[in-house]
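Participant: Let me see the structure of the following:
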Amino acid sequence: MSERPQTPPVTPTLGQAFRYWLKLGFISFGGPAGQIAMMHTDLVERKRWISEQRFLHALNFCMLLPGPEATQLAIYISWLLHGVVGGVMAGVLFFLPAFILLSSLAAIYLAWGDVPLVQGLFYGIKPAVVAIVLFAAWRIGSKALQNNILWGMAILAFVAIFVFDIGFPWIVLAAALLGVIGGKVMPDKFKSGGGHGASHKQYGAAVIDDHTPTPSHAQFSWAKLCVTLVVFASIWAIAMWALSGNQGLAAMASFFTKAAFLTIGGAYAVLPYVYQGGVEHYGWLTGAQMMDGLALGETTPGPLIMIVTWVGYMGAGLAGAAVATFFTFLPSFLFIIAAGPVVESTRNDLKFTAPLTGVTAAVVGVIMNLAVFFAWHTFWPNGTGETPFAQPFEWFTVIIAVAAFVALWKYKADIMHVISASAAIGLTYSMLLPLF
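Facilitator: Numbering: from 1, shown residues only. Now for the predicted structure:
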């Protein structure tokens, strides 16, 4: 029996929206996939603030943008409902609880990270992170790599970064250029989408329904675009000027601005670039600390990209965490508020989507490289560039990694449950090992 409501609910007030986004910031566990599913259940099925098709359209748009797609989706929906104020409110509330929590955990980690109890927990968590990153590569690849051309680009990206150590920005640029060429020569191979656009479910009339006209504040105009760009550029320039007296923080601000613009492919796409810069180039933290931070990021609410808060804290304390977070998230607001109307008006235009399809394919290969690196550091913890397979070989972590991947892939286990179980197993093993 179908009882779909025929009339839309009352448009939520800004106060009601504020309470919802604040609550979401505290309970948004599960990484991007879990957060998107949570918003779909709340906003499409229960509250009916937005229809299924409009939600998916917004999601597909955010999937094509650099940066965290779940955060940008929250900004987008709130921007459609309440304009710029709504978008800024949703975005800030989406990551603010996670910023406070992750900064606190980073301080605790630096103070007591070498305690045997903590080391035992992380002994089990690290291989779980290997499985999570590998699973992310599979999940993104299964949606994005829809033909042999895109598979080939993913493999080339992996070889470029793994064998030749080519920087992430150059790989993104090359992939975008190949996408431009491919969109002209083989347009069928570079069509985007596939993972989020096929649903035709209905949950009743919504505040922003399938045929609801675009609100006036979301309609494109050159004047509005220019004003938005000037405002954001001014905010960025003022913030950079404020940091000009501190060389370390200024470098951090510059790096995370580039990260925000280059990391097309979702939150996991940020990780390889942040790793290259934070660990290898600037030395703000070690590879092992990066893995520990990623594990904590997976078990706390908020976007996974909050790993940048961890990296910033490891590099320069609370000031570093604030700088990394601010400069990473600022472009997300710009993308939605400035580019939202533009992309809405160019929906399904291959000239715009083909380069992004190429970049997404390359990102899969880059994430695979990250999984290999994490696995190496976990299975051979004493390995170096000169002696990559220095003993001991931690065979027990291989077992945990394989079991975690199977749990995620075959049994669709919750990421938090996988990490919790892995931590418990690692701690138990570490405590029992000295007895034998």
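
Participant: Sketch out the low-pLDDT regions of the stretch 151-300 of the chain for me.
Facilitator: 191-202, 263-269, 298-299 (pLDDT under 70).

Participant: same thing but at 50, please
Facilitator: The stretch 151-300 of the chain contains residues with pLDDT under 50 at 193-200.

Participant: where along it do the helices fall?
Facilitator: 168-185, 222-242, 247-262, 267-275, 287-299 (DSSP state H, counting those that start in this stretch).

Participant: What mean pLDDT does the top helix by length along the chain get?
Facilitator: Longest helix of the chain, by residue count under DSSP state H: helix 69-112. Mean pLDDT, helix 69-112: 89.

Participant: Could I get the helices of the stretch 151-300 of the chain in JSON lines, plus columns for mean neighbour count and distance to residue 118?
Facilitator: Quick note: C-beta positions are derived from backbone N, CA and C, even for glycine. What follows is the helices of the stretch 151-300 of the chain, written out as JSON lines (neighbours: other Cβ atoms under 10 Å; distance: least, Cβ to Cβ, whole Å):
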{"stretch": "helix 168-185", "mean neighbour count": "19", "distance to residue 118": "31"}
{"stretch": "helix 222-242", "mean neighbour count": "13", "distance to residue 118": "35"}
{"stretch": "helix 247-262", "mean neighbour count": "20", "distance to residue 118": "26"}
{"stretch": "helix 267-275", "mean neighbour count": "26", "distance to residue 118": "22"}
{"stretch": "helix 287-299", "mean neighbour count": "21", "distance to residue 118": "9"}
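
Participant: Let me know which of those is the nearest to residue 317.
Facilitator: helix 247-262 (10.2 Å; Cβ to Cβ).

Participant: which strands and helices sit next to that closest one?
Facilitator: Applying 3 or more Cβ pairs under 8 Å, 6 or more residues apart in numbering; DSSP states H and E, we find helix 247-262 packed against helix 168-185, helix 222-242, helix 267-275, helix 307-345.

Participant: Residue 66: which of the helices of the stretch 151-300 of the chain is closest?
Facilitator: Closest among the helices of the stretch 151-300 of the chain, once you apply Cβ to Cβ, is helix 247-262, at 5.5 Å.

Participant: can you list contacts of the closest one?
Facilitator: Contact with helix 247-262 is made by 66-67, 168-169, 172, 236, 239-240, 243-244, 270, 273-274, 277-278, 282, 284, 308, 312, 315-316, 319-320, 323-324, 326-332, as judged by Cβ atoms under 8 Å, 6 or more residues apart in numbering.

Participant: one step back: the longest helix of the chain - contacts with which helices or strands?
Facilitator: helix 14-27, helix 31-39, helix 52-64, helix 287-299, helix 307-345.

Participant: Enumerate the positions of stretch 139-154 that are buried.
Facilitator: Using 16 or more other Cβ atoms under 10 Å as the burial criterion, the residues of stretch 139-154 that qualify are 139-141, 144-146, 149-151, 153-154.

Participant: Dump the residues you listed to a markdown table, plus secondary structure.
Facilitator: Listed next are these as a markdown table, based on DSSP: H, G, I helix; E, B strand; the rest coil:
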| residue | secondary structure |
| --- | --- |
| 139 | helix |
| 140 | helix |
| 141 | helix |
| 144 | helix |
| 145 | coil |
| 146 | coil |
| 149 | helix |
| 150 | helix |
| 151 | helix |
| 153 | helix |
| 154 | helix |
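
Participant: could I get the residues you listed as JSON lines with distance to residue 391?
Facilitator: Output for those, formatted as JSON lines (distance: Cβ to Cβ, whole Å):
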{"residue": "139", "distance to residue 391": "34"}
{"residue": "140", "distance to residue 391": "34"}
{"residue": "141", "distance to residue 391": "33"}
{"residue": "144", "distance to residue 391": "38"}
{"residue": "145", "distance to residue 391": "37"}
{"residue": "146", "distance to residue 391": "43"}
{"residue": "149", "distance to residue 391": "42"}
{"residue": "150", "distance to residue 391": "39"}
{"residue": "151", "distance to residue 391": "36"}
{"residue": "153", "distance to residue 391": "37"}
{"residue": "154", "distance to residue 391": "33"}
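
Participant: farthest-separated two in those?
Facilitator: Going by Cβ to Cβ, the pair spanning these furthest: 139 and 149, at 20.3 Å.

Participant: one step back: so for residue 433, which of the helices and strands packed on helix 69-112 sits nearest?
Facilitator: For those, the distance to residue 433 is smallest for helix 287-299, at 19.0 Å, taking Cβ to Cβ.

Participant: which residues sit against the closest one?
Facilitator: 29, 31, 102, 105-106, 109, 113, 122, 125-126, 128-129, 132-133, 271, 274-275, 278-279, 285, 304, 306-307, 310-311, 314, 373-374, 377-378, 381, 415-416, 419-420.

Participant: quick one, it and helix 307-345 angle?
Facilitator: 60 degrees (axes from the mean of the first three to the mean of the last three Cα atoms, to 10 degrees).

Participant: Let me know the closest of the buried residues of stretch 139-154 to residue 427.
Facilitator: For those, the nearest to residue 427 is residue 139 (28.2 Å; Cβ to Cβ).

Participant: From residue 247, how far off is that closest one?
Facilitator: Residue 139 sits at a distance of 39 Å from residue 247 (criterion: Cβ to Cβ, to the nearest Å).

Participant: do the same with residue 67
Facilitator: 26 Å.

Participant: what's the neighbour count on residue 398?
Facilitator: Residues within reach of residue 398, counting by other Cβ atoms under 10 Å, total 15.

Participant: Are any of the contacts of helix 287-299 buried, and if so which?
Facilitator: Of the contacts of helix 287-299, these count as buried by 16+ other Cβ under 10 Å: 29, 31, 102, 105-106, 109, 122, 125-126, 128-129, 132-133, 271, 274-275, 278-279, 285, 304, 306-307, 310-311, 314, 373-374, 377-378, 381, 415, 419-420.

Participant: returning to that earlier point: which among the helices and strands packed on helix 247-262 is found nearest to residue 91?
Facilitator: helix 307-345 (5.7 Å).

Participant: And that closest one, what does it pack against?
Facilitator: helix 52-64, helix 69-112, helix 222-242, helix 247-262, helix 267-275, helix 287-299.

Participant: what's next to the third one, contact-wise?
Facilitator: Put plainly, it is helix 222-242. So helix 222-242 is in contact with 250, 253-254, 257, 326-327, 330, 333-334, 337-338, 341-342, going by Cβ under 8 Å, 6+ apart.

Participant: Adding distance to residue 366, write the residues you listed out as CSV.
Facilitator: CSV is the format used below for these (distance: Cβ to Cβ, whole Å):
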residue, distance to residue 366
250, 27
253, 23
254, 21
257, 19
326, 25
327, 21
330, 23
333, 25
334, 24
337, 28
338, 27
341, 31
342, 27
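
Participant: what's the farthest-apart pair in those?
Facilitator: 250 and 341 (32.8 Å).

Participant: burial of residue 246, as a residue count?
Facilitator: Quick note: residue 246 (other Cβ under 10 Å) scores 15 neighbours.
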